[in-house]
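> this is the structure alone, sequence omitted:
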């Protein structure tokens, strides 16, 4: 089973202090960044003024970028390091936050069985409405992205179980695909 992480209602989000830094996160393409990484400055925020501000082990930035507190990094270290780089962020309030640069990029999208929206006049994928995957390409992988800029970070049932067993909070998981679907 493959899942897409989602924010759990009421938990904190983060914003980049400099709006141009969102491009830093969107440009993660599987290439290692640790040697040249300069921590992006972020602040913890509410999704909107009516929302609670519950501290999260995974402050939300979006489904393509996994942000974590140190507690989550420690609990999931072996899974994270097997599939990416844990890079530090800079915060205004001294809370330690990290971003996962996913380096496991899998060409696992079954385009024939997926529901895809393409940019007009091109073959470039604008959005994946329903994902279908090639199961043989997923063996032994717990965290990955597809080689398309619009790809969220996908996680395995093993990752979901590890998050739940560690008692980490702030994420929900939407099952997006299983071998039997």
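Yes, it's here. Being a predicted model, the structure only gives us computed values, none of them experimental.
> so what's the residue lying farthest from the centre of the chain scoring on pLDDT?
When distances to the mean C-alpha position of the chain are computed (CA atoms, centre = their mean), the maximum falls on residue 121, with 29.2 Å. Looking at residue 121, its pLDDT reads 88.
> one more: the one 10 residues further on?
At residue 131, the pLDDT value in this model is 92.
> tell me the phi and psi of it?
phi -90, psi 140 (degrees, to the nearest 10).
> show me what contacts it?
Residue 131 sits next to 2, 109, 114, 154, 176-177 when contact means CB atoms under 8 Å, 6 or more residues apart in numbering. For every residue, glycine as well, the C-beta is placed using N, CA and C.
> compare these and tell me which is most surrounded.
Counting neighbours by other CB atoms under 10 Å, the top entry in the contacts of residue 131 is residue 154, with 26 neighbours.
> report the buried residues of stretch 131-140.
131-133, 138 (16 or more other CB atoms under 10 Å).
> apologies, that question was intended for stretch 142-150.
142-146.
> reformat these into JSON lines and put secondary structure next to each item.
Output for these, formatted as JSON lines (DSSP: H, G, I helix; E, B strand; the rest coil):
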{"residue": "142", "secondary structure": "coil"}
{"residue": "143", "secondary structure": "strand"}
{"residue": "144", "secondary structure": "strand"}
{"residue": "145", "secondary structure": "strand"}
{"residue": "146", "secondary structure": "coil"}
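> out of those, the closest to residue 78 would be?
Nearest to residue 78 among the buried residues of stretch 142-150 is residue 142, at 9.4 Å by CB to CB.
> which of the residues in stretch 59-78 are buried?
So, applying 16+ other CB under 10 Å, buried residues of stretch 59-78: 59-62, 64-69, 72-73, 75-76.
> for stretch 6-14, that is, sorry about that
Buried-residue list, stretch 6-14, by 16+ other CB under 10 Å: 7, 11-14.
> correct me, but residue 1 touches residue 156?
Yes: look at residue 1 against residue 156 with CB atoms under 8 Å: they come within range, at 7.2 Å.
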